[in-house]
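>>> Sequence and predicted structure, then a few things I'm wondering about:
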Amino acid sequence: MAPGITSWASKDGDFKRQESQFRDAVEPNADAKFPAEKGRYHLYVSLACPWATRALIVRKLKGLEDFFDVSVVHPFMGEKGWSFGADKYEGQGSGGEEIANVTGDKVYGFEYIRELYFKADPKYSARFTVPVFWDKKQETLVSNESSEIIRFMNTAFNDKIEGKHAKLDLYPQALRKEIDELNDPIYNKVNNGVYKSGFATTQKAYSEAVHPLFEQLDKIEKILDGHDFLVGDQLTEADVRLWVTLIRFDPVYVGHFKCNIRTIRAGYPNINRYMKNLYHNYPAFRDSTDFTHIKVHYYTSHPQVNPTRIVPEGPIPHIEPM
Ligand SMILES: N[C@@H](CCC(=O)N[C@@H](CS)C(=O)NCC(=O)O)C(=O)O
């Protein structure tokens, strides 16, 4: 077992996210290493995980449900990492109860996500993260980096899908510069900023994460004034990448990760409207959201942050109506 799988902070109290190790891509051409083929691939996710949820949202936005199926892990993550229910937390809170929407491993019947990593590379020695984009033909991991998985989903299958799904371009040439310029601070200060705040083990590391996080949210609040999307008044990957953190913010990050300078619902009217619009009016966003998985995962899987593992009841509602 990898030592300290549930210890996230470095010696100086900062949380550092590891670089993903599998960085290939599915490509449209038949002679590619990983050619776009219907039924060939499989996506492994946690419904709790914001990075994995990016891939689920784009799969649905691009109409790729028939192209590759999905396996969903149990939200409790123990010492051996993500499991399909082999490791359950039998304690207080909702962690010990049966959780809906856990599928088991539909490809191999494995118990743990780590088994996929060792199948792909017996010498693998880094973290066993989701999402995992898996090639059933070569029995290997194509990519475990969500930002790249959503990029190839956006393009690789386009000549095999139709209409609005093929036309939808989440990373259009004309907007790339603007999207890239936003992705960078949003990744560092928001998507990863909540983890840096929550996993900090010194006051200094916490402060150095939580203030930039809220300063970046303040900037986003201004960008969204009078707009439904971050860039170009159209849905792009920048929205997908930001939204997965926003939807978890009030239910989890405010309490569990101490990101409590403001809530989204009370402190950011534009961000709240934007978040609610995508949830209530875009099934790809709503259907990829499972608040039970989200809350049970965070509150029960980080005993150094929440030793009682009690899952709080609120906020009620998890997301406000339009
Ligand atoms: N850079 C990766 C990050 C993925 C990631 O860190 N996933 C978390 C879940 S939210 C995970 O699987 N963590 C397990 C671990 O670190 O042991 C991506 O965007 O795909």
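Sure, I can see it. These numbers were taken from a predicted model, which means no experiment stands behind them. Numbers count the residues shown, from 1 in each chain.
>>> contacting residues around the residue nearest to Thr289 when sequence neighbours are not counted?
Using CB to CB, 6 or more residues apart in numbering and skipping the chain neighbours, the partner closest in space to Thr289 is Ile247 (5.8 Å). To be clear about C-beta, it is placed using only N, CA and C from the backbone, and glycine gets the same treatment. When contacts are counted by CB atoms under 8 Å, 6 or more residues apart in numbering, Ile247 touches 275, 279, 285, 289, 294, 319.
>>> Checking Ile247 next. Helix, strand or coil?
Judged by DSSP: H, G, I helix; E, B strand; the rest coil, the three-state class of Ile247 is helix.
>>> Just checking: what are the partner strands of the helix or strand of the chain with the lowest mean pLDDT?
When each helix and strand of the chain is scored by mean pLDDT, DSSP states H and E, strand 77-78 comes last, with a mean of 93. Strand partners for strand 77-78, identified by DSSP bridges, are recorded as strand 81-82 (antiparallel).
>>> For the following helix or strand past the partner strand, which outside residues touch it?
Once the chain leaves strand 81-82, the next helix or strand it forms, by DSSP states H and E, is helix 114-120. Outside helix 114-120, the residues that touch it by CB under 8 Å, 6+ apart are 22, 44, 80-82, 108, 110, 124, 128, 132, 134, 139-141.
>>> Now the buried members of those residues.
Buried by 16 or more other CB atoms under 10 Å: 22, 44, 80-82, 110, 124, 128, 132, 134, 141, out of the contacts of helix 114-120.
>>> Around the ligand, pick out the residues from this structure.
The chain comes close to the ligand at residues 5, 20, 49-51, 81, 127-131, 144-147, as judged by CB under 6 Å from any ligand atom.
>>> Mark which of these are buried, thanks.
Neighbour-count burial (16+ other CB under 10 Å) applied to those gives 20, 49-51, 81, 127-131, 144-147.
>>> among those, which are in helices?
50-51, 146-147 (DSSP state H).
>>> Just the pLDDT for the closest residue to Lys88 other than its chain neighbours.
Of all residues not flanking Lys88 in the chain, Phe76 sits nearest, at 5.7 Å (CB to CB, 6+ apart). pLDDT, Phe76: 93.
>>> name the helices or strands packed onto the longest helix belonging to the chain?
Among the segments of the chain that qualify as a helix by DSSP H, the longest is helix 203-223. Here helix 203-223 touches helix 193-199, helix 269-281, going by 3 or more CB pairs under 8 Å, 6 or more residues apart in numbering; DSSP states H and E.
>>> Now do it against helix 269-281, angle only.
80 degrees (axes from the mean of the first three to the mean of the last three CA atoms, to 10 degrees).
>>> chain center to helix 203-223: distance?
Mean-position distance between helix 203-223 and its chain equals 20 Å (CA atoms, centre = their mean, to the nearest Å).
>>> For that helix, list the C-alpha coordinates in PDB.
The C-alpha trace of helix 203-223 is given here as PDB (Å, rounded to 0.1, in the frame of the first residue of the first chain):
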ATOM      1  CA  GLN A 203      -2.400  28.800   9.500                       C
ATOM      2  CA  LYS A 204       0.000  30.400   7.000                       C
ATOM      3  CA  ALA A 205      -0.600  27.900   4.200                       C
ATOM      4  CA  TYR A 206      -4.400  28.200   4.800                       C
ATOM      5  CA  SER A 207      -4.300  32.000   4.700                       C
ATOM      6  CA  GLU A 208      -2.100  32.000   1.500                       C
ATOM      7  CA  ALA A 209      -4.800  29.800  -0.200                       C
ATOM      8  CA  VAL A 210      -8.100  31.100   1.100                       C
ATOM      9  CA  HIS A 211      -7.500  34.900   0.300                       C
ATOM     10  CA  PRO A 212      -6.500  34.400  -3.300                       C
ATOM     11  CA  LEU A 213      -9.500  32.000  -3.700                       C
ATOM     12  CA  PHE A 214     -11.900  34.700  -2.700                       C
ATOM     13  CA  GLU A 215     -10.100  37.400  -4.600                       C
ATOM     14  CA  GLN A 216     -10.500  35.200  -7.700                       C
ATOM     15  CA  LEU A 217     -14.200  34.700  -7.000                       C
ATOM     16  CA  ASP A 218     -14.600  38.500  -6.700                       C
ATOM     17  CA  LYS A 219     -13.100  38.800 -10.200                       C
ATOM     18  CA  ILE A 220     -15.400  36.100 -11.500                       C
ATOM     19  CA  GLU A 221     -18.400  37.900 -10.000                       C
ATOM     20  CA  LYS A 222     -17.500  41.000 -12.000                       C
ATOM     21  CA  ILE A 223     -16.900  39.000 -15.200                       C
END
